[in-house]
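1. After the sequence you'll find the predicted model.
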Amino acid sequence: MNKIKQIIKGKPARNNLTIFDDDIFLVSYPRSGNTWIRFLLGTLITEKKIDWENMELGIPDIYRNTNKKLLKYNRPRFIKSHHSFDERYSKVVYLVRDVRDVIISYYNFYLKFKLEVKPLKTMDEFIERFIIGDLDDFGTWNHNIDSWLSNKDQIKNGLFFVKYEDIKVDTINCIKDILCFINLKKSDEEINNAIEWCSFNNMKRMEKKQRDVKLFSNSDNNRDFMRSGKSGDWKEILNETQIERINVEYSRTLIELGYKV
């Protein structure tokens, strides 16, 4: 089974992370809008404008930071993870996105960062690899989600479940709900300023200006990290056969989450 190669050098914390009771985790399956929410909440948490160079200041990534480095962060820490249910996580914001958009975004990410020596050449090949869950060690999309929802009562300080699409439609109120959950008080002005700073267009402009940051090293600069950010892109990109293949595999979870199949 092939796994995505490690993008960074050293030994990131991953599941060897030292966890404290007051830690808060931002969890999602890869390519579910996690980066946007990290920018937005990170800007509000740190009261600094988060960009591609300083993005680890607000909500650090357990796949890009060592445990030793993460221990230096002020508590309570807000930490990013993609892993399936972990009983040690005592407070979790779980972000979910329509799997059909996730697949498109993940394929772009896969090609941008050249994650395998011989990358898959077609979307059809990628979809099959995605479905069986051997692109990474986060489980399949539906298993990852189910693992958190079915164990929500075991999460000591609560699970806040939110859809990417809902945040896109009503950003300010969704962010207010998340801030309430993590006990962080911010004014409407502060929230609106953060939303404006972390708009898709501004994040895309910052990406073009900061192409030399560590995150983008050894990546394909002809392919943007911030691809589209839209909801429902899959309707224009995937063909009928691909949509049917994905729907057959994920229809139960999609319907349970309120997505149309």
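-> Great, that's in hand. Residues are numbered from 1 along each chain as shown.
2. so who does the spatially closest residue to residue 150 that is not a sequence neighbour touch?
-> Of all residues not flanking residue 150 in the chain, residue 85 sits nearest, at 7.8 Å (CB to CB, 6 or more residues apart in numbering). C-beta: built from backbone N, CA, C; applies to glycine. Residue 85 is in contact with 147, 148, 150, 151, counting by CB atoms under 8 Å, 6 or more residues apart in numbering.
3. all strands in this protein, in order from the N-terminus.
-> Per DSSP state E, the chain carries strands over the ranges 24-28, 78-81, 92-96, 159-163.
4. any low-confidence regions in the stretch 151-261 of the chain?
-> Within the stretch 151-261 of the chain, no stretch has pLDDT under 70.
5. which residues touch the closest residue in space to residue 178 that isn't next to it in sequence?
-> Spatially, and ignoring its direct neighbours in sequence, residue 178 is nearest to residue 93 (5.9 Å; CB to CB, 6+ apart). Taking CB under 8 Å, 6+ apart, we find residue 93 in contact with 24, 25, 26, 27, 160, 162, 178, 181, 182.
6. Need the buried ones from these selected in PyMOL.
-> Here is the PyMOL command that selects the buried residues among those (16 or more other CB atoms under 10 Å):
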select buried, resi 24+25+26+27+160+162+178+181+182
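7. Nearest to residue 249 among the contacts of residue 93?
-> residue 27 (21.8 Å; CB to CB).
8. Can you name the residues that contact that closest one?
-> Neighbours of residue 27 in contact, by CB under 8 Å, 6+ apart: 80, 81, 82, 83, 89, 92, 93, 94, 95, 148.
9. just to revisit the earlier point, for beta bridges, what are the partners of the residue nearest to residue 178?
-> residue 26, residue 160 (DSSP bridges).
10. Going forward, count from 688.
-> New numbering, starting at 688: the last item is residue 780.
11. How much space separates it from residue 883?
-> 22 Å (CB to CB, to the nearest Å).
12. Then residue 847?
-> 24 Å.
13. In this structure, which residue is most central in space?
-> residue 721 (2.7 Å; CA atoms, centre = their mean).
14. For it, list the residues it contacts.
-> Contacts of residue 721 (CB under 8 Å, 6+ apart): 713, 715, 767, 769, 782.
15. hang on, the earlier thing: for residue 805, state which of the contacts of residue 780 is nearest.
-> Looking across the contacts of residue 780 and measuring by CB to CB, the closest to residue 805 is residue 714, at 30.8 Å.
16. Quick one: end-to-end distance for stretch 850-862.
-> By CA to CA, to the nearest Å, the extent of stretch 850-862 from end to end equals 12 Å.
17. buried ones in it?
-> 850, 851, 852, 854, 855, 858, 861, 862.
18. In contact with the nearest residue to residue 917 once chain neighbours are set aside, which residues?
-> Nearest residue to residue 917 in three dimensions, chain neighbours excluded: residue 788, at 7.8 Å (CB to CB, 6+ apart). Going by CB under 8 Å, 6+ apart, residue 788 touches 917, 918, 919, 920, 921.
19. Please look at the fourth one and residue 791 and confirm they touch.
-> Yes: using CB atoms under 8 Å, residue 920 is in contact with residue 791, at 5.8 Å.
20. what about those two, which has more around it?
-> More crowded of residue 920 and residue 791, by other CB atoms under 10 Å: residue 791, with 24 against 16.
21. Could I get the pLDDT score of the more buried one?
-> The confidence metric pLDDT takes the value 94 at residue 791.
22. Tell me how far it lies from residue 812.
-> 14 Å.
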